[in-house]
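Q: Dropping the sequence and predicted coords here.
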Amino acid sequence: MSENNNNFQLRVYYEDTDIGGIVYHANYLKFFERARTEWLREKGITQSSFLEQNLGFVVTRLEMDYVASAKFDDLLNVSSLISEFKRASLVFNQQITNQDQQIICTAMVRIAFVDFSKGKPCPIPKSILGALKRVS
C-alpha cells in the first residue's frame, strides 16, 4: 500500500462553530491544514526546520466543495491523498467525513515549496519527497 495518503481525526469544539452550532466555513481550511501538517510531522518532516532556512510550503491553489454541515461535538476524519508530485509542488485531495461516514467537505490543495528570501518556488528537498512517496 502506498503511504501517500493519511487520516487525521479531530473533534469539533464550540469555538469552531457559529451560534447555531454549525462549523464556520473558514474553519474547514484550518482542519485541512492541520491534517497536512500532522501528516508531515508523522513522516519526521518538521516545517520549523525549513522555516529557519527561509524555506517552506505555501498554498498556491485551492478548490473546496461544501457538501454538508459539521456540527458541534462531531468527530471528524480528514483524509488526505497526494495525487500529484512535481519538482516544486504537491497536490493534495482532501475530504472531511463525520462519525457517520457522511462527506462534509472536499478540497483540492496545491502547495508549492518556496524560498522565502527569493520569493520564488524551489525544488522540494529529496528527503521530503522520499518520505512522502515511501511504500510500506
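A: Yep, that arrived.

Q: list the contacts for the residue nearest the centre of the chain?
A: In the chain, the residue lying closest to the centroid (CA atoms, centre = their mean) is residue 36, at 3.1 Å. Taking CB atoms under 8 Å, 6 or more residues apart in numbering as the criterion, residue 36 is in contact with 80, 92, 94, 109, 111. Where you see a C-beta, it was placed from the backbone N, CA and C, and this is true even at glycine.

Q: how close does the fourth one get to residue 20?
A: Looking back up the chat, that one is residue 109. In this view, residue 109 and residue 20 are 27 Å apart by CB to CB, to the nearest Å.

Q: So which of those two has more stuff around it?
A: Neighbour tally, residue 109 and residue 20, criterion other CB atoms under 10 Å: the higher count belongs to residue 109, 20 against 8.

Q: so who does the residue lying closest to the more buried one once chain neighbours are set aside touch?
A: If the residues on either side of it in the chain are set aside, residue 109 comes closest to residue 92, at 4.6 Å by CB to CB, 6 or more residues apart in numbering. Counting by CB under 8 Å, 6+ apart, residue 92 touches 32, 36, 80, 81, 82, 83, 107, 108, 109, 110, 111.

Q: cool, and residue 8?
A: By CB under 8 Å, 6+ apart, the contact list for residue 8 reads 34, 35, 38, 39, 77, 78, 80.

Q: partners of it in the sheet?
A: In this entry, residue 8 is beta-bridged to residue 78, by DSSP bridges.

Q: and residue 124, that's in a strand?
A: No - under DSSP: H, G, I helix; E, B strand; the rest coil, residue 124 falls outside any strand and is assigned coil.

Q: neighbouring contacts of the helix or strand containing residue 58?
A: Using DSSP states H and E, residue 58 maps to strand 55-66. The set of residues external to strand 55-66 that reach it, using CB under 8 Å, 6+ apart, is 25, 28-29, 47, 50, 89, 104-116, 122.

Q: Tell me which stretches of the chain form helices.
A: In the chain, the segments counted as helices under DSSP state H are 27-42, 47-51, 126-133.

Q: thinking again about what came up before, among the contacts of residue 92, name the ones in strands.
A: Those of the contacts of residue 92 mapping onto strands are 80, 81, 82, 83, 107, 108, 109, 110, 111, per DSSP state E.
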